[in-house]
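*Asks:* Mind folding the following:
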Amino acid sequence: MESQDNLQTRTADGQLCYPRCSDSIKPYVGMIFQTLLEAVKFYKDYAEACGFEPRMSTNRKAKDETITRQYVVCNREGVWEKLKAPVSRINDSTSKKRKTTSCKIDCKAKVIFKLAMGTCYKITEFVEGHTHSMVPIPARDVMPSNRNVDEFQQRFILSGIKANIGPMRSFRMFREIMGSYEGIGCTGTDFKNFVRDLKVHSKGSDAHMILETFTNRQELGNGFKFFHDVDEDNKLCRIIWADETSVKNFSLFGDAVSFDATYNTNRYKLIFTPFTGKDNHGKCVSFGAALISHEDTESYAWVLDRFVQIMGNAPRIVITDQDPGLKKAVASCWKETHHRFCMWHINIKVVEKLPPRLRENTDFKTTYDNIVWTDDDDPDVFEEKWNNMIQEFELSLNKWFTDMFEDRSMWIPAYFRHVSMSGIFRTTSSSESENSFFKRFINKTSDLVLLYTNYCSGVDAQRYNYKLSTHNDETRSPMMVTNLPIERNASVVYTKSVFKDVQDEIDHASKACGMHKMYSEGNITIYEVDDKLDGVFLVRHMKSEGEVVCSCNLFVRKGIPCKHMFFVFRNLNLDNIPQKYLAVRWCKFSILCPNDSYNLQCSSSKQPTSGWEFRIFKAVSETIAHVRGNEELSEELYNNLIELRDKFAENGATSTTACSKTRLFNEFYGSAPTDSPTVLPPDIAKTKGSGVGGRRRSEQEKAMILAQKPKRLCRKCKTWGHHDSRNCPTKVADS
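*Replies:* Predicted coordinates for the structure are as follows:
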């Protein structure tokens, strides 16, 4: 390591420091340069070799805007503005105090370039001495002039943004790739500044850019569809989109849809509302998404209408929370759709709405759960049990229970027993899971285009996982628990996750079901199946139609035969599940889409790409793997790459001009900002609870959160709890 004394020479009084360097790179008065750019570059190279930072200062121009004189100074030139302030202002106790620093120490080093003979520039003054020491060689890589976020790093940061990876995490990952911080060539702050510049790039134009991006995708003719709406000030207020794969997924799995809004997904606080279903593996599948500025009936109605225009029809059943605006919108727009309320959102409020005398009553909880959650009762049976419960526990004057009984047809399972596939969703947990999933890709600082880019990354991850599940289903066989041929048939046609449920029904049919009675009524054979777990169920077999109907209605509700039906199938000596009782939506991909490969779940990327960068990077990585450990081959590979780099630099644009930030940003967004956008960005939306410090929590939820906090010893009452001597219950009681 070179010592500091070898980098500079100080005057006798120690006031000035003269950097040491080769005479060939040192400026001198009278030196001539062909262009100002060449002159400035020469001085910057000199500064880099010496260990100080140059800064472009003032200049003078002729009438034709030609620079006639250019000052280049040391970046430590000048005096800190704070030191120039009056003493009274510095000592003002009312002013905000902040610990700040400055590099300015009135350094006089400079160079002046003057236009000579109208075509070249000459050094007319050169001040070599500095009032500070030179930067040591080991620390020069962190000097601003030596720091640069190059193209590879910029693309690395943008790739991280697509996956919702922040700049500092990207910086740490890049450090591991390069092997050391010195090898990066910039700092974490430079990474953060690059992301800042990206967000500034789209500011004021992101609404215009997202519509331009969507329009470009739609014009490609790949089935992408979108709609948008603006308010009276021409500001974007509503938008919905779905690609071809989402539409195809809806045609296969769109019989039941979960719809729930989520917050904190973008800088405008627009409400993100994805449409979620369950695929043939029982996992979440996205049917598209929307952004709205208000949670009112008008906004929800607009979204639901446009969803039908995109998909071609409404779902058979939709499950939501109890939002009154959404309730009205579904009733007016999806008139043939069965609207179901989330049971979890309702039942979480029970303890809060109960009178204090019943909140710890286990008998009430058992009775309530047996009435509300069962799928075996018809509506008249439910109503009788409900009324008995209200009378027994004296709840006839409780308004909440009265209101819930009036809305019973929208949340009690008894009213959905005969609705096809109504058992797929009983709560909006799939939407909650979907919202949580997307929040791993989306954050509250995203602009509209970035939100859509992150959404595509999330959907791509979802579809890739679907491909993995499909591959496992098509290439692996589950274990059997019986010797029945019908179980083997089920393992061939159903996906793995659904087969587990079907297998349980077959196993229970063989172990827990027996014949209680069998008789005929005309062409109908009636089996009274004695289920040791749940009682006696009636199974009707219509021979002429080949139909088997069970009173438990599991097949209607979930699309899989129940154990009572499997008991009858066994009695009829069936080796295979009848075709009409094989719900295709739960079948393996080869049965669901026999003429299609795994292309059902294609990429949601906003624009096609040749992938040449990835192929080059992969080829280089594979080559590095071949030469690793061989110093001679590694040196040869490096020299060949440098030779290629120099060759392409001579024949084409340099890496500096080929990858300007503006060009990269436009490529990343898929469109360029404009000074006159056709649609303006939306206002900051006011979501529910935004004016009260967040969502109001119920007493039960507060208790659950408190229970998760660690307890501490109170010095007043000497007990462990969630209080201390200042708010001890004993102290409050004494006062």
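*Asks:* quick one: low-confidence ranges for the stretch 1-150 of the chain?
*Replies:* For the stretch 1-150 of the chain, the stretches with pLDDT under 70 are 1-6, 12-14, 82-98.
*Asks:* in it, which spans are helices?
*Replies:* 36-50, 81-84, 87-90 (DSSP state H, counting those that start in this stretch).
*Asks:* By residue count, what's the longest helix in this protein?
*Replies:* helix 448-475 (DSSP state H).
*Asks:* Break this protein down into its domains, please.
*Replies:* Split into domains by automatic domain parsing, the chain comes to 4-142, 147-202, 206-341+424-466+673-688, 343-410, 496-586, 706-734.
*Asks:* Quick one: the helices in the stretch 351-500 of the chain, in order.
*Replies:* Going by DSSP H, counting those that start in this stretch, the stretch 351-500 of the chain shows helices at 362-372, 379-392, 399-406, 429-439, 448-475, 485-493, 496-511.
*Asks:* Might you list the low-confidence residue ranges for this protein?
*Replies:* Low-confidence segments of the chain, defined by pLDDT under 70: 1-6, 12-14, 82-98, 597-611, 651-659, 689-696, 731-735.
*Asks:* how about 50 then?
*Replies:* Across the chain, the ranges flagged by pLDDT under 50 are 1, 601-602, 606-609, 654-658, 692.
*Asks:* centroid residue for it?
*Replies:* The residue lying closest to the centre of the chain (C-alpha atoms, centre = their mean) is residue 441, at 2.1 Å.
*Asks:* still on that earlier bit, ok, which of the domains of the chain comes nearest residue 623?
*Replies:* Checking the domains of the chain against residue 623 by C-beta to C-beta gives domain 147-202 as the closest, at 16.3 Å. Yep, even glycine has a C-beta here, placed from its N, CA and C like the rest.
*Asks:* distance between that closest one and the chain's centre?
*Replies:* 19 Å (C-alpha atoms, centre = their mean, to the nearest Å).
*Asks:* That domain: end-to-end distance?
*Replies:* Distance between the boundary residues of domain 147-202 (C-alpha to C-alpha, to the nearest Å) amounts to 25 Å.
*Asks:* quick one: secondary structure of the closest residue to residue 443 other than its chain neighbours?
*Replies:* Leaving out its chain neighbours, the residue that sits closest to residue 443 by C-beta to C-beta, 6 or more residues apart in numbering is residue 164, at 6.0 Å. Under the three-state scheme (DSSP: H, G, I helix; E, B strand; the rest coil), residue 164 adopts coil.
*Asks:* got a list of what residue 164 touches?
*Replies:* Residues near residue 164 by C-beta atoms under 8 Å, 6 or more residues apart in numbering: 440, 441, 442, 443, 454, 457.
*Asks:* out of the domains of the chain, nearest to residue 625?
*Replies:* domain 147-202 (14.8 Å).
*Asks:* thinking again about what came up before, next, the buried residues of the longest helix of the chain.
*Replies:* 448-460, 462-463, 466, 469-470, 473 (16 or more other C-beta atoms under 10 Å).
*Asks:* now swap in stretch 682-690 and tell me
*Replies:* Those would be 682, 685, 687, for stretch 682-690 by 16+ other C-beta under 10 Å.
*Asks:* Just checking the distance from that stretch to the centre of its chain.
*Replies:* For stretch 682-690, the distance to the chain centre is 20 Å (C-alpha atoms, centre = their mean).
*Asks:* Just the CA atoms of stretch 674-689, as PDB, please.
*Replies:* Written as PDB, here are the backbone C-alpha positions of stretch 674-689 (Å, rounded to 0.1, in the frame of the first residue of the first chain):
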ATOM      1  CA  THR A 674     -44.800  12.700 -21.900                       C
ATOM      2  CA  ASP A 675     -45.200  16.400 -21.100                       C
ATOM      3  CA  SER A 676     -48.900  16.400 -22.200                       C
ATOM      4  CA  PRO A 677     -50.500  13.100 -20.900                       C
ATOM      5  CA  THR A 678     -53.900  12.200 -22.200                       C
ATOM      6  CA  VAL A 679     -54.900  10.900 -18.800                       C
ATOM      7  CA  LEU A 680     -53.700  12.400 -15.600                       C
ATOM      8  CA  PRO A 681     -52.500  10.400 -12.500                       C
ATOM      9  CA  PRO A 682     -55.200   9.800  -9.900                       C
ATOM     10  CA  ASP A 683     -55.500  11.700  -6.700                       C
ATOM     11  CA  ILE A 684     -54.500  10.000  -3.400                       C
ATOM     12  CA  ALA A 685     -57.500   7.800  -2.600                       C
ATOM     13  CA  LYS A 686     -59.100   7.900   0.800                       C
ATOM     14  CA  THR A 687     -59.600   4.300   1.800                       C
ATOM     15  CA  LYS A 688     -61.800   3.000   4.700                       C
ATOM     16  CA  GLY A 689     -60.400   3.900   8.000                       C
END
